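Asks: next comes the sequence, and after it the predicted model I'd like to discuss.
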Amino acid sequence: MSVHLPPEPPQAREPWLQVPIAAGYQRMDWTVPNVPKPDRGPGPHDTIATSVLLGVHFVATVVGVVTGALLQAALRGVFERRGVGYFESGTVASAQLGVIVSQGVVFAASVALTVFLVRRKKTSFYVPLIAVAVGAIIYWSLMIPPLWADHSLGTVA
């Protein structure tokens, strides 16, 4: 049975660096062992930022759903006050439904992905940040066409 000894450390190039070792002592091994670092996950700043951004996203979702739900009544009131004719709700009804559903789906997906990342101890603040941006793009892309559909709304009476 053979015994495997660790390799000898390399000798210093300069002879004046080679310190003699006293009898009974051995040369110290100053190398750091390859010990894996514990995975501590993101710090408390990520949890705070994620919580604040989820709160902002919740408020934005509520505002989006409420304005989407009230869009038809608001446009009907504008048409009546300005006397520009009868209000047709075909385009607005599809925009209302699209805004309400999309805001809810984007918020639910944001919360689900954020909880998944937090449980896995991964950085997660960017999820609600991106979700707010995606929700705003969807909101305005669905709200602008009904508002621009009637050009008489922009004229001064």
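Replies: On my side now, so go ahead. Numbers count the residues shown, from 1 in each chain.

Asks: and the residue most central in space within the chain, how far from Val99?
Replies: Nearest to the geometric centre of the chain sits Val127, at 1.6 Å (Cα atoms, centre = their mean). Taking Cβ to Cβ, to the nearest Å as the measure, Val127 falls 21 Å from Val99. All C-beta atoms are positioned from the backbone trio N, CA, C, and that covers glycine.

Asks: likewise for Leu70?
Replies: Leu70 is 11 Å from Val99, by Cβ to Cβ.

Asks: quick one: which of these two has more around it?
Replies: Val99 (23 against 12; other Cβ atoms under 10 Å).

Asks: report the contact partners of that one.
Replies: Contacts for Val99 (Cβ atoms under 8 Å, 6 or more residues apart in numbering) come out as Gly64, Val65, Thr67, Gly68, Leu71, Ile138, Tyr139, Leu142, Met143.

Asks: mind naming the longest helix for the chain?
Replies: helix 44-82 (DSSP state H).

Asks: tilt between the next helix or strand after that one and helix 44-82?
Replies: Using DSSP states H and E, the helix or strand that follows helix 44-82 in sequence is helix 90-119. Comparing the axes of helix 90-119 and helix 44-82 via axes from the mean of the first three to the mean of the last three Cα atoms, to 10 degrees yields an angle of 170 degrees.

Asks: about what we covered before: possible to save the contacts of Val99 as JSON lines with pLDDT and neighbour count?
Replies: Compiled in JSON lines, the contacts of Val99 are given as follows (pLDDT from 0 to 100; neighbours: other Cβ atoms under 10 Å):
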{"residue": "Gly64", "pLDDT": "89", "neighbour count": "24"}
{"residue": "Val65", "pLDDT": "90", "neighbour count": "19"}
{"residue": "Thr67", "pLDDT": "87", "neighbour count": "16"}
{"residue": "Gly68", "pLDDT": "83", "neighbour count": "22"}
{"residue": "Leu71", "pLDDT": "79", "neighbour count": "21"}
{"residue": "Ile138", "pLDDT": "92", "neighbour count": "18"}
{"residue": "Tyr139", "pLDDT": "89", "neighbour count": "23"}
{"residue": "Leu142", "pLDDT": "85", "neighbour count": "22"}
{"residue": "Met143", "pLDDT": "82", "neighbour count": "19"}
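
Asks: appreciated, that's everything.
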